[in-house]
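J.: Predicted structure and sequence below. I'll ask about it afterward.
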Amino acid sequence: MTRLDPFDELNPRQREAVNHTEGPLLILAGAGSGKTRVITYRIANLIRAKAVPPFEIFAVTFTNKAADEMKRRVIDLIGPLGENVFVRTFHSAAVYILRRYGDRIGVPRAFTIYDQKDQETLVKDILLDRRLDPKKIRPSALVSKISEIKDRAEIIDGTDLSHLMPGYPGLDFQDLYREYQARLERSGALDFNDLLIKTVLLVRGSPDTLSDLQRRWRYFMIDEYQDTNHAQYLICKYLSSATRNLCVVGDDDQSIYSWRGADIRNILEFERDFDETRVVKLEENYRSTVPILDAAWRVIRNNRNRKEKRLRAVRGEGEPVTWCSANNEYGEAEYVVSTIMSLKKMEALRNRDFAVFYRTNAQSRVFEEMLRRENMPYRVVGGLKFYDRKEIKDILAYLRLIANPADSVSLFRVINVPARGIGAATVERLRDTAYTEEIGEWELIARGFAVKGKVTAGISAFKKIIEHGMAAAANVPGTVKLSAMVRNLIEATSYRDALEEENSIESRSRLENIEEFLNSVYEYEARNPDAGLDLFLQEISLLTSEEAPDAGGDDPSNSVTLMTVHNAKGLEFPVVFLTGMEEGLFPHFNSSDTEAGIEEERRLCYVGITRARDRVYLTSAEMRRSYSGLSYKEPSRFVAEIPAGSLEVRRYGEGAGGLTGYELPQFETAGPPPAGRFWTDARQAAGGSRFRAREAVLHPKYGRGRILSVEGSGDNVKLTIVFGNGSRKTFLEKYTPLEKA
DNA sequence: TTGAGGCTTTCAACA
DNA sequence: AAAGCCTCAA
């Protein structure tokens, strides 16, 4: 596919999108409609046919992976010239802009990026200062609340925020919010929201910056536009306002990030926002067979809040979509793995052709166990990120502190890691002294923080490590190599020595991870010889596990892929397993009490199904063990939305046993898809509850409600119920006089 | 005052 | 898996 003209491989709609180069363009691209091809051809067309210099093109996507892929395909089309197209994620583009111009609005050049964990640490510190118990008010909940507020337009408009502040019993949220922001600023740190917000404030508040950027970029392309938030929308709008050459691509049916502040109105109202918008609809699906698209449509059509549309299948008939119910999560995993094995035997499929999707990361464990037992290589995408591992975060905290000594979250993380005799009492005193003297904690240590006895040695060791690190970092990338600086730092901390001394299985794996981290530094250095420590840190803060070094041993090029449905967006596989199709899991409890929540879960299900080229297996367990104990599960309503004629129904009877060989899985053919009381009788026989999920009930005190989940068994059946006023309560069935309503 | 070991709690999705 | 809490030894 190196030839560009004529666009033989494009259909008329796609060609229209490629050829429309000037003025606003909205591409409504259904799943599998050749979106990436259109974007890359469009870029190629701008460069080749319209003689646009590559560096004038600004393209953003949502993941690093998608950005790399886009760049690779552009280079395939037009050669090394494509290297100069600016292709990044939104957050990475924001970092790029802020590093160059951020000082105009007071953002330091070596700013630190705080991830969710860092935010939680910060909030927890504030709570403790306020004599509040972080166990009663969960920092993670407060962080998501803060993030929610920061997604709002008011933040940027500078209007009064007070009406957005939630009332928290025993907590002045507004005070917390102000203090949180103040500490971020004092630490020279930005959270993920801030990266976007500060970028907007910069281009809006500094006309010089805006015109600089507008001179540099003249053509803008935004992928996954349905998932942009308000700040991202404004970034696009400001940057493109000089040329108006803004092309956005998206699909309202695939909007799955509203919880992260994505505003679906951005795509629905694009035509209203940008005059003379050309709209191109791509509705031909080249990816999936007819039964797969049919099942996906049957599900998504239940959303009331969507633009009516239906993808046309270019490919023909195929295998029916299968729903298999297994007795528990082990049976489910066994069914998935044995199906993979028999498909591999019957058809020339490779491990990498299979993907197992789940709603929550915790579900991966059972699949991993089963795949390992069968010696089948797999890779888990997402989950615990490489850079989130304790030992890596520790090393990174040292580096961050060296790059930005104001970063107190990092300082407190490592001041006593590995243990050097600086205990809680000393740390508390350091905090207090820094606070009363109104200086940073590092500054206090650097000037001389008086301590007694054996703590003295610890403090001076820590001080020396950081000072040496700073001296070395000042000469990166000049006379000192980044990798050498990092290696020396690790030596100086004796982090490795401490782990070697421990000599456990766990400590050995941590040592390997540190080696792996060093390798990634070498690699980074080779690719970015001009980068200093601060740029390195800013860039890896935006990486996810997908781009991180592979810490596992399996060959990623031929492994079964395990990931959350969210992570699957934009990808495709010949065979897809959509697992855990149960009420309470998918759709998830926490989204089940509002119509909007259910609709987003349904879009997520739609995204999952439409990733498949040839085969889709929906699986569920009738019983599942989770952290809250054993619970009976009702099949997902999404399964029931696919009519019997479009679904092959199976039941997998084994479970908990081992797979013995490569025999075909054993099925019992079950009845029609779940309608009404499909599982109820079986559950009662098994000693479960007399209630089931989604049932209407009457509570003597709270009135009418609907059951969200039934968990546990025997005397420990827990019922979670959402009541008419929207409140959610969990009861022990034993003690609750509930009636069926 | 610190550190180590054992126990419990935590649990939605992500850049 | 990691962090928090507890106890006990030094």
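T.: Received it, and whenever you're ready, just let me know what you need.
J.: And the contacts of stretch A:346-354?
T.: Applying CB atoms under 8 Å, 6 or more residues apart in numbering, the external contacts of stretch A:346-354 come out as A:340, A:343-344, A:376-378, A:557-561, A:573-575, A:577. All C-beta atoms are positioned from the backbone trio N, CA, C, and that covers glycine.
J.: ok, and the closest non-adjacent residue to A:A419?
T.: Among residues not flanking A:A419 along the chain, A:A498 sits closest, at 7.8 Å (CB to CB, 6 or more residues apart in numbering).
J.: just to revisit the earlier point, mark which of the contacts of stretch A:346-354 are part of strands, please.
T.: In this view, the contacts of stretch A:346-354 that belong to strands under DSSP state E are A:Y378, A:V560, A:T561, A:F573, A:P574, A:V575, A:F577.
J.: what's downstream of the helix or strand of chain A with the lowest mean pLDDT, the next helix or strand?
T.: When the helices and strands of chain A are scored by mean pLDDT, DSSP states H and E, helix A:680-685 comes last with a mean of 32. Next helix or strand after helix A:680-685 toward the C-terminus (DSSP states H and E): strand A:696-699.
J.: Return the set of buried residues in that next one.
T.: Neighbour-count burial for strand A:696-699 flags A:V697, A:H699 (criterion: 16 or more other CB atoms under 10 Å).
J.: What helices and strands are in contact with it?
T.: strand A:703-711, strand A:718-723, strand A:739-740 (3 or more CB pairs under 8 Å, 6 or more residues apart in numbering; DSSP states H and E).
J.: how far out from the middle of the chain is it?
T.: 37 Å (CA atoms, centre = their mean, to the nearest Å).
J.: and it, which strands flank it?
T.: strand A:703-711 (antiparallel), strand A:739-740 (antiparallel) (DSSP bridges).
J.: for the record, mean pLDDT for it?
T.: Per-region confidence: strand A:696-699 scores 74 on mean pLDDT.
J.: thinking again about what came up before, weakest of the strands paired with strand A:696-699 in terms of mean pLDDT?
T.: strand A:703-711 (a mean of 69).
J.: From A:N375, how far out is the closest residue to DNA strand C within the stretch 251-400 of chain A?
T.: Closest contact between the stretch 251-400 of chain A and DNA strand C, by CB to the nearest atom of the strand, is at A:K390 (3.9 Å). Distance of A:K390 to A:N375, given as CB to CB, to the nearest Å: 29 Å.
J.: how about the nearest residue to A:R400, chain neighbours excluded?
T.: A:S410 (4.3 Å).
J.: what helix or strand is the one you found on?
T.: Secondary structure assigned from DSSP H and E places A:S410 in helix A:408-414.
J.: Could you list the residues in contact with that helix?
T.: Residues contacting helix A:408-414 (CB under 8 Å, 6+ apart): A:112, A:114, A:118, A:121-122, A:125, A:183, A:186-187, A:189, A:393-394, A:396-398, A:400-401, A:404-405, A:427, A:431, A:440-442, A:493.
J.: Just the buried residues of the longest strand belonging to chain A, please?
T.: Among the segments of chain A that qualify as a strand by DSSP E, the longest is strand A:612-626. The neighbour-count check on strand A:612-626 (16+ other CB under 10 Å) flags A:612-624 as buried.
J.: now stretch A:20-29
T.: Buried, per 16+ other CB under 10 Å, within stretch A:20-29: A:H20, A:T21, A:P24, A:L25, A:L26, A:I27, A:L28, A:A29.
J.: what does the average pLDDT come to for that stretch?
T.: Per-residue scores along stretch A:20-29 average to 97.
J.: now swap in stretch A:73-86 and tell me
T.: 94.
J.: and the residue of chain A found nearest DNA strand B, how many residues sit next to it?
T.: For chain A, the residue closest to DNA strand B is A:G423, as judged by CB to the nearest atom of the strand, at 2.1 Å. Using other CB atoms under 10 Å, A:G423 is surrounded by 12 other residues.
J.: Helices along the stretch 51-200 of chain A, start to end?
T.: In the stretch 51-200 of chain A, the segments counted as helices under DSSP state H, counting those that start in this stretch are A:64-78, A:90-101, A:116-129, A:139-150, A:153-157, A:173-186, A:192-205.
J.: For the most far-flung residue of chain A relative to its centre, grab phi and psi.
T.: If you look at how far each residue of chain A sits from its centre, by CA atoms, centre = their mean, the farthest one is A:G453, at 46.8 Å. Main-chain dihedrals, A:G453, degrees, to the nearest 10: phi 60, psi -140.
J.: ok, it to A:N416 distance?
T.: Taking CB to CB, one finds A:G453 at 15 Å from A:N416.
J.: Repeat that for A:E154.
T.: 41 Å.
J.: and what of A:R298?
T.: A:R298 is 58 Å from A:N416, by CB to CB.
J.: Same question for A:A484.
T.: 26 Å.
J.: and these two? which has more neighbours close in?
T.: A:N416 (17 against 14).
J.: Name the nearest residue to the more buried one, sequence neighbours excluded.
T.: A:I422 (4.3 Å).
J.: Give me the phi and psi for the one you found.
T.: According to degrees, to the nearest 10, A:I422 has phi -100, psi 100.
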